[in-house]
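Chemist: what follows is a predicted protein model with its sequence.
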Amino acid sequence: MSTHPEQQMQGLVESLLESYKKYPIISNIDSCSRINREVVLEILEQLRYIVFPGYFEMRNLKSNSLSYHIGEILESIQYNLTKQVARALFHDPAKTPGCWEDGREESAEIVREFLQTLPRVREILATDVQAGYEGDPAAFNTDEVILSYPGLYAIFTNRIAHELHLLNVPLIPRMMTEYAHSLTGIDIHPGATIGKYFFIDHGTGVVVGETTQIGDNVKLYQGVTLGALSTRGGQVLRNVKRHPTLEDNVTVYSGASILGGATVIGTGAVIGSNAFITASVPAHTRVSIKNPELQFKDRSRTAELGQEGFFNRKEVD
């Protein structure tokens with residue numbers, strides 16, 4: 001005899017309630033400090049309005065109303081970010097258990113400090129835009145870099161998130177950078193320290209780890225990994241320098257992997273495509289992979305060339 005649909009549903013509800021008790025690590029119930037992800041992402045978008053005024057708003061900006069416009073957005077950011085930072089602080093197990101309202105004063109001070117960094121962040125991002133334009137002959141102008149380059153969006157998000165990271169804000173910086181990761185395929189941890197004139201060409205598949213240090217005028221291509229040699233130590237490795245250092249004027253071409261906290265790529269070095277680097281590289285050194293032997297198969301000449309029909313470049317010529 002089949003069970004009545006209402007009984008089936010009630011059984012499922014009870015089963016899920018039991019699961020919530022059994023696996024609290026993936027439940028967030030009875031919390032008064034839940035972070036609102038949608039609000040965090042809206043704050044990130046509003047920060048983009050502040051950093052790149054006139055590019056992403058729905059309306060044209062006019063100089064005579066700019067002060068009011070910027071002030072209005074900043075007030076919205078300050079109000080909402082203060083609440084979200086307070087909630088984030090009470091997700092930290094080191095904090096005394098309580099509700100986010102208890103952290104409003106501390107979060108208000110953090111947000112005030114963060115907002116004061118925006119002029120400096122804009123100054124650095126201006127160099128990133130210039131690097132994107134000068135480093136890509138396909139770029140029509142700097143507006144194209146701002147409006148369409150995924151690398152710049154990932155860098156913008158990282159520079160915002162990095163400032164919050166430096167102020168010891170939990171969760172929110174990573175939420176921002178992982179959102180950018182989902183849109184661009186570029187994964188930059190907010191802890192990474194990045195100098196001026198930074199450019200990521202194409203970008204998909206780039207990974208920049210938490211303790212990476214990058215100097216000025218560095219250029220990365222798609223598929224580059226600046227990673228750790230091993231993460232099997234898990235939380236034991238927290239606060240350990242696990243990722244490489246790239247000094248000024250370094251270029252890393254597509255598919256290269258540079259691993260390890262002791263690995264330093266010296267000033268002016270060039271790392272070729274698909275290189276696998278686990279030791280330091282001296283300044284002004286070019287590292288490349290010796291070209292593998294290529295084989296070509298002409299299907300129309302299979303019988304003439306043998307059962308596999310392969311010939312090398314010399315034979316073709």
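Modeler: Done, it's in.

Chemist: as a check, name the ranges of all helices in the protein.
Modeler: For the chain, helices defined by DSSP state H occupy the ranges 5-22, 37-51, 66-89, 104-116, 118-134, 142-148, 150-166, 172-184, 302-305, 313-316.

Chemist: pLDDT below threshold where in this structure?
Modeler: Where the chain drops to pLDDT under 70, the residues are 1-2, 92-102, 231-238, 300-317.

Chemist: so what's the residue nearest to the spatial centre of it up against?
Modeler: Nearest residue to the geometric centre of the chain (C-alpha atoms, centre = their mean): Ile188, 2.8 Å. Contact criterion C-beta atoms under 8 Å, 6 or more residues apart in numbering gives 154-155, 157-158, 177, 180-181, 194, 206, 208 as the residues in contact with Ile188. In short, each C-beta sits where N, CA and C put it, glycine included.

Chemist: what's the farthest-apart pair in those residues?
Modeler: Distances among those were taken as C-beta to C-beta; the most separated pair is His181 and Ile194, at 15.4 Å.

Chemist: please report the distance of the residue nearest to Gly261 when sequence neighbours are not counted from Gly209.
Modeler: Ranked by C-beta to C-beta, 6 or more residues apart in numbering and with sequence neighbours excluded, the top spatial neighbour of Gly261 is Lys241, at 3.6 Å. For Lys241, the distance to Gly209 (C-beta to C-beta, to the nearest Å) stands at 10 Å.

Chemist: pick out whichever of those two has more residues nearby.
Modeler: Neighbours around Lys241 and Gly209, counted as other C-beta atoms under 10 Å, are more numerous at Gly209. The numbers are 21 against 15.

Chemist: how close does Ala192 sit to Thr117?
Modeler: For Ala192, the distance to Thr117 under the criterion C-beta to C-beta works out to 16 Å.

Chemist: looking at those two, which is more packed in?
Modeler: Just comparing Ala192 and Thr117: by other C-beta under 10 Å the higher neighbour count belongs to Ala192, 20 against 17.

Chemist: residues in contact with the more buried one?
Modeler: Contact criterion C-beta under 8 Å, 6+ apart gives 158, 162, 208-214, 226, 243 as the residues in contact with Ala192.

Chemist: turn those residues into TSV, including distance to Leu61.
Modeler: Shown next, in TSV, are the contacts of Ala192 (distance: C-beta to C-beta, whole Å):
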residue	distance to Leu61
Asn158	25
His162	27
Val208	33
Gly209	38
Glu210	36
Thr211	39
Thr212	36
Gln213	37
Ile214	33
Leu226	37
His243	39
